[in-house]
Structures are given as C-alpha cells and as structure tokens.
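*Asks:* Fold the following.
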Amino acid sequence: MQRIEGKTVAETVLATLKQEIAALSAQGRTPGLAVVLVGEDPASQVYVGSKVKACAELGMYSQKWALPAETTQDELIELIRQLNADDRVHGILVQSPPPAHIDEEAVVRAIDPRKDVDGFHPENVAKLVLEDETGFVPCTPLGCMELLKAAGICTQGAHAVVIGRSMIVGKPMANLLLSRKANATVTIAHSRTKDLPAVCRTADILIAAVGRPEMVTADYVKEGAVVIDVGINRIEDPTRPRGYRIVGDVDFESVAPKCKAITPVPGGVGPMTIAMLMSNTVKACKQLAAQ
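*Replies:* Got it, this is the predicted structure:
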C-alpha cells in the first residue's frame with residue numbers, strides 16, 4: 001500500500017513556484033494575493049493565516065482584509081471592486097463561509113474572473129467544462145489531480161467514483177477526471193445514490209468528498225483501489241491534548257489495507273489546497289501581464 005503524502009508533494013510544488021516568483025519579481029512583476037475574511041470564525045482565521053504565511057514564505061505580495069461580522073453586502077462588494085482595480089493584486093479570495101446575511105454567490109460574481117483564483121466564478125466554471133486552460137480550477141480538486149500524478153496513478157481508462165457533488169470539490173473533480181487529459185470514466189455518487197457502497201466498490205479511483213467523518217469503510221472499497229480522502233473533520237477525543245482529533249471521510253485503518261494507494265488525513269489533500277492557491281495566483285499574474 002502506497003501512502004500518498006500531500007505534504008511532500010506540496011513542498012515540491014511550492015519550491016518550483018518560489019523560483020518562478022523570484023524570476024517574475026526580478027522582472028518587476030511580483031504575484032499578489034488579497035485574502036478577505038468577514039467575521040471571526042476560528043477555523044476561517046486559521047485558514048486565512050496559513051494563506052498569508054504561505055505568500056510571505058514564497059516572496060509573494062499579500063493583503064489581508066479582516067472585516068467585522070456586521071460588514072454589509074454592499075461594503076464587501078465595494079472592497080472587491082477596489083481589489084479588482086488594484087494592479088498589485090492578481091488573485092482575490094473571500095474566505096468561505098461568510099456570515100449568513102452575505103450572498104456568497106453575488107460576492108463570487110463580483111470578483112474579476114481573471115483574479116478568481118478560487119475558480120468559483122461562472123466564467124471559470126464554464127472554462128473548466130470547456131477545457132479552456134486559461135480558466136482557474138478550484139484548488140482542492142486541482143490538488144487531488146496533482147497527488148494522483150505525483151503518485152504515478154494512471155487515470156487513462158480508469159473508473160473513478162466521486163462521492164459528493166459540491167461546486168467546491170465534487171463537480172470540478174469529476175470534470176477534471178473526465179477531461180481529455182485524464183480520460184477517466186466518471187461516476188458521481190451522493191446521498192441519494194442507491195446502494196452507495198456497491199457503486200463505490202466499482203471504482204479504480206475513489207474520491208471521498210462528503211464531509212462525514214470516516215463514512216467510507218472497507219465495505220466501500222475494492223481490492224487494489226486508489227483512495228483520495230478530501231474530508232477534514234474534527235471529532236471529539238478526550239484522550240488527545242486538545243480534546244479532539246482530525247479525521248477524513250475515510251476510515252483509514254479499515255480501508256488502507258485494501259488499497260493500492262491512499263491519502264492520509266491530516267497530511268494528504270490539505271497541504272495541496274494552499275499550494276494550488278499559490279499556483280493559481282502565479283498563473284493569474286502571468287496571464288494579466290500578457291493582456
């Protein structure tokens with residue numbers, strides 16, 4: 001069983017990016033990322049902090065906007081307009097989820113699609129489906145593809161099952177696997193799928209992105225399958241110093257012995273998400289400079 005270490009792959013990606021960023025900076029073009037956080041959600045604060053830290057380590061320019069929870073929709077969209085017009089900023093990310101009174105879809109649509117490094121704007125969603133490589137792909141599924149590539153997993157002709165149909169992971173993941181680059185045969189499964197374990201057992205490559213702790217057990221996986229666990233779930237564990245532990249959507253202990261390869265949680269897909277965000281920002285910098 002091959003354990004696919006996302007941390008190692010992410011470090012390789014970031015090392016390459018650091019060289020690219022240094023070369024761009026020497027030409028007077030330093031890639032810049034603006035991260036906007038509305039409210040004080042503790043998990044979101046951690047995510048935003050890690051993104052700003054990654055920018056600093058790579059030599060990128062960054063802006064962090066921490067707005068109060070009572071910030072209005074109009075105020076947030078006005079800030080996005082300012083960032084759209086800021087030549088120092090090549091990527092704009094509004095941390096999800098925003099407070100309940102903010103219309104997240106309207107916020108995404110307000111971002112210049114050329115700076116939408118999260119890949120959620122309708123224009124970038126369309127470009128993914130059309131296989132137009134000038135678009136931006138959501139960072140987590142893009143990271144999953146990098147992990148498969150780094151682990152030497154052949155997707156050509158493989159049957160891939162994606163559990164989950166979100167716009168953040170499930171749907172873009174399916175499109176990437178279905179593309180002419182990957183050439184997988186893809187099944188999208190979800191909560192209404194009949195006999196979900198049986199469907200999953202047909203997978204050569206199983207992508208779990210459902211947000212339910214350790215839902216995927218050995219009964220879901222055939223011998224020799226490749227399993228990519230996108231889930232990051234916190235469950236109570238009084239034996240741990242912090243009183244909890246982080247687990248994926250896959251029950252690693254029961255599933256791993258059946259696998260050809262599997263990602264752990266933590267340390268699998270998670271580190272790749274930030275690496276791909278940095279990669280998308282560098283791409284945006286290059287494309288904006290060429291326009």
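
*Asks:* tell me the strands in the stretch 1-150 of the chain, going along the chain?
*Replies:* 2-3, 32-38, 61-67, 91-94 (DSSP state E, counting those that start in this stretch).

*Asks:* closest one to Gly157 among those?
*Replies:* strand 2-3 (20.0 Å; C-beta to C-beta). For the C-beta atoms, the positions are set from N, CA and C on the backbone; glycine is no exception.

*Asks:* Check which helices and strands that closest one sits against.
*Replies:* Counting contacts by 3 or more C-beta pairs under 8 Å, 6 or more residues apart in numbering; DSSP states H and E, strand 2-3 is packed against strand 259-262.

*Asks:* Other residues contacting the strand it packs on?
*Replies:* By C-beta atoms under 8 Å, 6 or more residues apart in numbering, the residues outside strand 259-262 that reach it are 1-4, 151, 153, 221, 224-229, 250, 252, 255-256.

*Asks:* Stretch 152-170 too?
*Replies:* In contact with stretch 152-170 (C-beta under 8 Å, 6+ apart) are residues 96, 120, 125, 138, 140-141, 148, 171, 173-174, 177, 182-190, 196, 199-200, 202-211, 216, 226, 230, 249, 260-261.

*Asks:* What of stretch 109-127?
*Replies:* 33, 77, 80-81, 83-84, 89-94, 108, 128, 132-139, 142, 167-168, 172, 277, 280-281, 284, 287-288, 291.

*Asks:* what do you get if the cut-off is 7 Å, keeping everything else the same?
*Replies:* 77, 80, 84, 89-93, 108, 134-139, 167, 172, 277, 280-281, 284, 287-288 (C-beta atoms under 7 Å, 6 or more residues apart in numbering).

*Asks:* All the helices of this protein, residue numbers only.
*Replies:* Under the criterion DSSP state H, the chain contains helices at 6-26, 42-58, 73-84, 104-110, 122-130, 139-150, 170-178, 196-200, 252-255, 270-290.

*Asks:* still on that earlier bit, for the strands of the stretch 1-150 of the chain, give me TSV that also has distance to Val13 and mean pLDDT.
*Replies:* Converted to TSV, the strands of the stretch 1-150 of the chain look like this (distance: least, C-beta to C-beta, whole Å; pLDDT from 0 to 100):
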stretch	distance to Val13	mean pLDDT
strand 2-3	18	98
strand 32-38	16	97
strand 61-67	18	96
strand 91-94	16	97
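
*Asks:* Gly39 touches Ala69, doesn't it?
*Replies:* Yes - Gly39 is in contact with Ala69 according to C-beta atoms under 7 Å; the separation is 3.8 Å.

*Asks:* So the two - more neighbours on which side?
*Replies:* More crowded of Gly39 and Ala69, by other C-beta atoms under 10 Å: Gly39, with 18 against 13.

*Asks:* now that one: how far from Pro97?
*Replies:* 9 Å (C-beta to C-beta, to the nearest Å).

*Asks:* before we move on, the earlier item: which among the helices of the chain is found nearest to Asp237?
*Replies:* helix 252-255 (14.3 Å).

*Asks:* what are the phi and psi values for Gly231?
*Replies:* phi -70, psi 140 (degrees, to the nearest 10).

*Asks:* Now do the contacts for it.
*Replies:* 208-211, 248-249, 265.

*Asks:* 10 Å instead?
*Replies:* If you count contacts by C-beta atoms under 10 Å, 6 or more residues apart in numbering, Gly231 has them with 163-164, 169, 208-216, 246-250, 265, 268-270.

*Asks:* Can you give me the pLDDT of it?
*Replies:* With respect to pLDDT, Gly231 scores 95.

*Asks:* pretty sure Gln82 contacts Val89?
*Replies:* Yes - at 9.2 Å, Gln82 counts as touching Val89 under the criterion of C-beta atoms under 10 Å.

*Asks:* which of the two has more neighbours?
*Replies:* Val89 (23 against 12).

*Asks:* That one contacts Leu79, correct?
*Replies:* No - counting by C-beta under 10 Å, Val89 does not reach Leu79; the two are 11.2 Å apart.

*Asks:* Need the overlap of contacts for the two.
*Replies:* Applying C-beta under 10 Å, 6+ apart, one finds that Val89 and Leu79 are jointly contacted by Ala34.

*Asks:* quick revisit: narrow the contacts of strand 259-262 to those that are buried.
*Replies:* The neighbour count (16 or more other C-beta atoms under 10 Å) marks 4, 151, 153, 221, 225-229, 250, 252, 255-256 as buried among these.

*Asks:* I'd like these laid out as a markdown table, including distance to Val13.
*Replies:* Formatted as a markdown table, the buried ones among the contacts of strand 259-262 follow (distance: C-beta to C-beta, whole Å):
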| residue | distance to Val13 |
| --- | --- |
| Ile4 | 14 |
| Ala151 | 14 |
| Ile153 | 17 |
| Val221 | 28 |
| Ala225 | 25 |
| Val226 | 20 |
| Val227 | 21 |
| Ile228 | 16 |
| Asp229 | 19 |
| Val250 | 23 |
| Phe252 | 24 |
| Val255 | 26 |
| Ala256 | 25 |
